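In: need coordinates for the below:
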Amino acid sequence: MTTYQIAIFPGDGIGIEVTEQAVRVLEELEQHAAYSWAWNYLPWGAEHHRQTGQVAPSDFLEVLRPVDAILLGAVGWPETLPDHVTLEPLVRIRQAFDQYACVRPARLFPGVKSVLAGKGPEDIDLVVVRENSEGEYVNNGGRFKQGQPDEVALQTAVHTRRGVERIMRYGFELARRRRHRLTMITKSNAMRYSYVLWDDILDELAPQYADVETDRQHCDAAVMNFVRRPEHFDVVVASNLFGDLLTDLGGIISGGLGLAPSTNTNPERTYPSMFEPVHGSAPDIAGQGIANPIAAILSAALMLDHLGEAADAERIRTAVARTLSDGAQTPDLGGSLTTEQMGTEVIRRLQE
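Out: Next up is the predicted model:
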């Protein structure tokens, strides 16, 4: 029997609450599976910083390196710690473990109402593939004369041919497994060096994937079209910043961030990959037991896909679809179920 070594990093706020439900679902599957779980719970985050002065211990990358996957809840507690401090370990994990493919599906399930009038489940089913290792989130720059009237801040994005080409190939391969359509998002009309490189690489690669229909949109047009005609999109490939922004919008049009899962994937499996809901730690509702755990549960399904347990991943997605279709909803969806009750509803349908 295979035993998967999984690092559980619940983090802060509702991250702790929703991760608990994702683990419950995974343990339910374990009872009838040819694999088992070995959990390593990591109490890192804002509270760890309060106690130790560090969000995570200095050797956190070495702690994570041997595991098969990382299941993350959410991090952040702005009242006590600036977000850029809390997020630093996550950015380092993504870059040190070369988790260059951030995959964020946006699917409207039956039984869930979109904020878009007249759009149903048949209209909203897309995946944003976000380049996750370079671009605008590389820590490349600095501040000069800090606090003075003539202060200067410089932040330089980094786009490499290798980085752009590999994320675009990842998107093309994913499109081949879906509806054979790929849209690349840039701003090459204004940023003539970095995003013209993206344009050039798309032109080079597209003939190698002649079975995939391709188009390109500037990020401002893409924001408009996500709202106006989401049915146009299948696989969307974007840079680190643009992908980050578009996936929040994708989550909202597909029912809310409580339903939006994501991966931080190292496709070559040289390092562990990380799986997390798109939403944050939501301090405003933390501790109330009303957070929606579906995004965390669907992130666990994506983890199963990555581990090669696709059948059980699909069982989770089917159970979630049935749960939502049957009208089980937490307050963010207009219902009254608690976080734990929602987890129980998914588990009940797994058992059925």
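
In: how about the strands in this protein?
Out: Secondary structure of the chain (DSSP state E): strands at 2-11, 35-41, 69-74, 101-107, 125-131, 141-144, 152-155, 181-186, 213-218, 235-238, 261-265, 273-277.

In: now the ones you listed as JSON lines including mean pLDDT?
Out: Below are the strands of the chain laid out as JSON lines (pLDDT from 0 to 100):
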{"stretch": "strand 2-11", "mean pLDDT": "97"}
{"stretch": "strand 35-41", "mean pLDDT": "97"}
{"stretch": "strand 69-74", "mean pLDDT": "97"}
{"stretch": "strand 101-107", "mean pLDDT": "97"}
{"stretch": "strand 125-131", "mean pLDDT": "97"}
{"stretch": "strand 141-144", "mean pLDDT": "94"}
{"stretch": "strand 152-155", "mean pLDDT": "94"}
{"stretch": "strand 181-186", "mean pLDDT": "98"}
{"stretch": "strand 213-218", "mean pLDDT": "97"}
{"stretch": "strand 235-238", "mean pLDDT": "98"}
{"stretch": "strand 261-265", "mean pLDDT": "97"}
{"stretch": "strand 273-277", "mean pLDDT": "98"}
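
In: so which of those strands is nearest L249?
Out: With respect to L249, and counting by CB to CB, the nearest of the strands of the chain is strand 101-107 at 8.4 Å. Where you see a C-beta, it was placed from the backbone N, CA and C, and this is true even at glycine.

In: relative to strand 125-131, how tilted is that closest one?
Out: Using axes from the mean of the first three to the mean of the last three CA atoms, to 10 degrees, the direction of strand 101-107 lies 160 degrees away from that of strand 125-131.

In: and strand 101-107, how far from the chain's centre?
Out: What separates the centre of strand 101-107 from the centre of its chain is 6 Å, taken as CA atoms, centre = their mean, to the nearest Å.

In: format the strands of the chain as a markdown table; extra columns: distance to D203 and mean neighbour count.
Out: Formatted as a markdown table, the entries for these read as follows, by distance: least, CB to CB, whole Å; neighbours: other CB atoms under 10 Å:
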| stretch | distance to D203 | mean neighbour count |
| --- | --- | --- |
| strand 2-11 | 40 | 20 |
| strand 35-41 | 43 | 13 |
| strand 69-74 | 36 | 24 |
| strand 101-107 | 22 | 24 |
| strand 125-131 | 18 | 25 |
| strand 141-144 | 30 | 10 |
| strand 152-155 | 28 | 10 |
| strand 181-186 | 10 | 23 |
| strand 213-218 | 9 | 17 |
| strand 235-238 | 14 | 28 |
| strand 261-265 | 26 | 25 |
| strand 273-277 | 30 | 27 |
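
In: so which of those comes closest to A321?
Out: Between A321 and those, the shortest separation by CB to CB is 9.1 Å, and it involves strand 101-107.

In: take the strands of the chain and lay them out in CSV including distance to D312.
Out: Listed next are these as CSV, based on distance: least, CB to CB, whole Å:
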stretch, distance to D312
strand 2-11, 12
strand 35-41, 9
strand 69-74, 14
strand 101-107, 17
strand 125-131, 20
strand 141-144, 44
strand 152-155, 42
strand 181-186, 28
strand 213-218, 32
strand 235-238, 24
strand 261-265, 15
strand 273-277, 14
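
In: so which of those gets nearest Q54?
Out: Within those, the stretch nearest Q54 is strand 2-11; the backing value is 14.2 Å (CB to CB).

In: for that closest one, which strands pair with it and how are they oriented?
Out: Neighbouring strands of strand 2-11 in its sheet, by DSSP bridges, are strand 35-41 (parallel), strand 69-74 (parallel).

In: can I get those strands in CSV with distance to A295?
Out: CSV is the format used below for the strands paired with strand 2-11 (distance: least, CB to CB, whole Å):
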stretch, distance to A295
strand 35-41, 20
strand 69-74, 10
